[in-house]
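Novice: Everything below, folded, please.
(one chain, ligands or ions: 2)
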Amino acid sequence: KSGFVAIIGRPNVGKSTFMNKVIGQKIAIMSDKAQTTRNKIQGVLTQDDAQIVFIDTPGIHKPKHRLGDFMVKTAENTLNEVDSILFMINAKEGYGRGDQYILDMLQNVNRPVYLVINKIDLIHPDDLFPLIEQYKGKLAFEEVIPISALEGNNVTHLLDVLKGNL
Ligand code: GDP
Ligand code: MG
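Specialist: Ligands and ions are numbered 1, 2, ... in the order given. Sure, this is the predicted structure:
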């Protein structure tokens, strides 16, 4: 089984940290050449039973000019082509305007979206539930998956869920 997974989220939510955790080794395809193509491949996870290509979708931010509009459209198209979308948020910061912009875009996307709540190592467990409730009202998420990309908590579960959707 193999497939594509897009990771989106505001800056500093932990996307790169997550990638470093799941991708053991940088691969040749992450060269400059790959970066000039439509989608930036962040890494490929190869396991006995599955291969997942993680991609970054540039342009998921408010456009400031017409080239920006084009990038937003491109990002939307990309999101409609992947097997799964990981929408990553920062458990410590919670909901913000940057998230709403992404959520608005996801309204036009017809692929399963997983709400990945990262940095759970920074919050009290009691604070998780209200956070989930706040986001749940904003989009029909396939599943909500709290993780700590830094410490690795629940990352294996997240990968299992993604594999189940290939
Ligand atoms: P990106 O901009 O979404 O790629 O975010 P980064 O992966 O660069 O992470 C931004 C900062 O958050 C870095 O200082 C990371 O070490 C930190 N960070 C990422 N994941 C976690 C986590 O699960 N727990 C904690 N405590 N810090 C994290
Ligand atoms: Mg990054």
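
Novice: quick one, strands of the protein?
Specialist: Assigned by DSSP state E, the strands in the chain fall at 2-8, 40-46, 51-56, 84-90, 113-118, 143-146.

Novice: Would you mind giving the ones you listed as TSV with distance to residue 164, mean pLDDT and mean neighbour count added?
Specialist: Where C-beta positions appear, they are placed from N, C-alpha and C, glycine not excepted. Listed next are the strands of the chain as TSV, based on distance: least, Cβ to Cβ, whole Å; pLDDT from 0 to 100; neighbours: other Cβ atoms under 10 Å:
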stretch	distance to residue 164	mean pLDDT	mean neighbour count
strand 2-8	11	92	20
strand 40-46	14	81	18
strand 51-56	11	88	20
strand 84-90	10	96	23
strand 113-118	11	98	24
strand 143-146	10	98	17
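
Novice: Make a markdown table out of these and add distance to residue 78.
Specialist: Shown next, in a markdown table, are these (distance: least, Cβ to Cβ, whole Å):
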| stretch | distance to residue 78 |
| --- | --- |
| strand 2-8 | 6 |
| strand 40-46 | 10 |
| strand 51-56 | 7 |
| strand 84-90 | 10 |
| strand 113-118 | 14 |
| strand 143-146 | 21 |
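
Novice: and of those, who's closest to residue 14?
Specialist: Nearest of the strands of the chain to residue 14, taken as Cβ to Cβ: strand 113-118 at 4.2 Å.

Novice: who's in contact with that closest one?
Specialist: Contacts to strand 113-118, defined as Cβ atoms under 8 Å, 6 or more residues apart in numbering, come from residues 9, 13-14, 17-18, 84-91, 106, 128, 131-132, 135-136, 139-149, 158, 161-162.
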